[in-house]
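> Here's my sequence, what's the structure:
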Amino acid sequence: MARKPRAPEQSVIEELRERLTRLREMLPTLSKPAAKRAMTELLSLMGEIEGARADLDPIKDPGAWFDPADPDTAGRLVALALIAQERVRLDRIARTYGSGVYAIYYRGDHPAYTAVSGTETPMYVGKADPKNANARLPREQGPQLYGRLADHRRMILTVGEYAKREGLTHPLRIEDFEARRLVCATNAQLVAERHLIGTFKPVWNNEIGICWGISKHGDAATTRANKRSPWDVMHPGRAWAMAESLADSNSPEDITRRLGEHFEQNPPFLDTVGIVQGFLASFVQNAALSPEEPSEDSTEMLAEGEPDASE
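Model prediction:
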């Protein structure tokens with residue numbers, strides 16, 4: 001009796017299984033770099049296999065699962081709530097209680113920041129942790145959020161006044177900066193900050209790696225081999241950062257070039273509409289079939305006695 005030929009898809013699956021078996025046999029002989037590369041490729045392959053399985057499944061996955069208790073969900077909502085706040089000039093921020101998240105915006109004429117000036121993309125986003133880790137009310141949290149913004153204000157004033165005294169071009173002016181701030185429940189600021197950085201990629205944040213350094217507070221050059229931060233290279237004036245023993249981490253020209261490349265790759269948000277749409281998109285699940293495209297088994301279900309949703 002002739003052997004029934006295997007279906008084409010079965011042949012592919014069997015070949016994949018055989019190759020995976022061969023790879024597992026090779027694993028003990030791989031060097032650490034080769035094993036690391038193989039692990040990365042396997043993780044990618046796992047995602048592709050799961051995608052293929054999902055495509056074959058007649059019952060589709062929603063694509064996203066909304067869990068109000070998920071820290072990521074809370075982070076997105078807190079970040080969205082920050083965008084709803086009014087922008088206030090940084091030198092006019094009132095002193096209030098509370099910890100939370102904030103964003104600093106620029107409206108000046110510094111040529112390195114032309115692309116982002118006057119837009120809804122902040123120069124810097126950050127968080128302020130509560131003074132009391134168990135605080136439930138803003139008064140218990142302390143004036144932490146105000147303190148962080150006041151600290152940034154002081155840094156900008158310092159370098160701005162130095163630039164004016166020395167006759168430097170395009171000094172930072174405190175009146176060119178605005179801020180949004182949001183007092184939120186203790187610990188909500190932790191995940192919200194991450195989402196804000198991921199959304200806006202602010203060029204003054206350390207995580208972006210271009211013009212970081214505004215948050216540095218005088219690391220002693222005598223205790224470790226520090227370099228002058230890109231922020232201090234672009235905006236000199238903080239006494240401790242001007243020590244002759246410090247070398248520039250990058251040249252002003254290189255930092256400016258990298259800023260330009262960053263803004264080309266990450267166009268600033270011109271209004272809040274795009275920001276809100278982006279946040280909402282993170283909650284979108286796979287769209288249901290439209291009325292014009294009934295599911296394949298809908299007729300069969302009704303024929304078998306499945307109740308019509310309209311009944």
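> contacts and neighbour counts: CA atoms only from here.
Fine.
> and Phe263, what is it in contact with?
The contact partners of Phe263, taken as C-alpha atoms under 8 Å, 6 or more residues apart in numbering, are Ala115, Val116.
> I misspoke; the intended subject was Ile174.
Ile174 touches Leu90, Asp91, Arg153, Ile156, Leu157, Gly160, counting by C-alpha under 8 Å, 6+ apart.
> Could you check the pLDDT of Leu56?
Predicted confidence (pLDDT) for Leu56: 74.
> backbone phi and psi for it, please?
phi -80, psi -20 (degrees, to the nearest 10).
> if we can go back for a sec, quickly name whichever of the contacts of Ile174 is closest to Asp176.
Taking C-alpha to C-alpha as the measure, Leu90 is the one of the contacts of Ile174 closest to Asp176, at 8.3 Å.
> ok, the closest one to Ala79 distance?
According to C-alpha to C-alpha, to the nearest Å, Leu90 and Ala79 sit 19 Å apart.
> can you check Ala163 too?
34 Å.
> what kind of secondary structure is the residue nearest to Tyr146 when sequence neighbours are not counted in?
The shortest distance from Tyr146 to any non-neighbouring residue, by C-alpha to C-alpha, 6 or more residues apart in numbering, is to Arg95 (5.8 Å). For Arg95, the assignment made with DSSP: H, G, I helix; E, B strand; the rest coil gives coil.
> can I assume Arg95 is in contact with Gly142?
No - using C-alpha atoms under 8 Å, Arg95 is not in contact with Gly142, being 10.7 Å away.
> more neighbours, the two?
Using other C-alpha atoms under 10 Å as the criterion, Arg95 and Gly142 rank with Gly142 on top: 19 against 13.
> Ramachandran angles for the more buried one?
phi 90, psi 170.
> Just to check, it is in contact with Asp129?
No - taking contacts as C-alpha under 8 Å, Gly142 lies outside contact range of Asp129: 9.4 Å.
> Which residues are in contact with each of the two?
By C-alpha under 8 Å, 6+ apart, Gly142 and Asp129 have these common neighbours: Ser99.
> Pro230: what's it in contact with?
So Pro230 contacts Ile210, Cys211, Trp212, Gly213, Asp248, Ser249, Asn250, Ser251, Pro252, Ile255 (C-alpha under 8 Å, 6+ apart).
> Among Leu90 and Ala79, which residue is more densely surrounded?
Ala79 (26 against 22).
> The spatially closest residue to the more buried one that is not a sequence neighbour and Asp109: what is the separation?
With C-alpha to C-alpha, 6+ apart as the criterion, Ala79 has its nearest non-adjacent residue at 5.3 Å, and that residue is Ala192. Plainly put, Ala192 is 30 Å away from Asp109 if you go by C-alpha to C-alpha.
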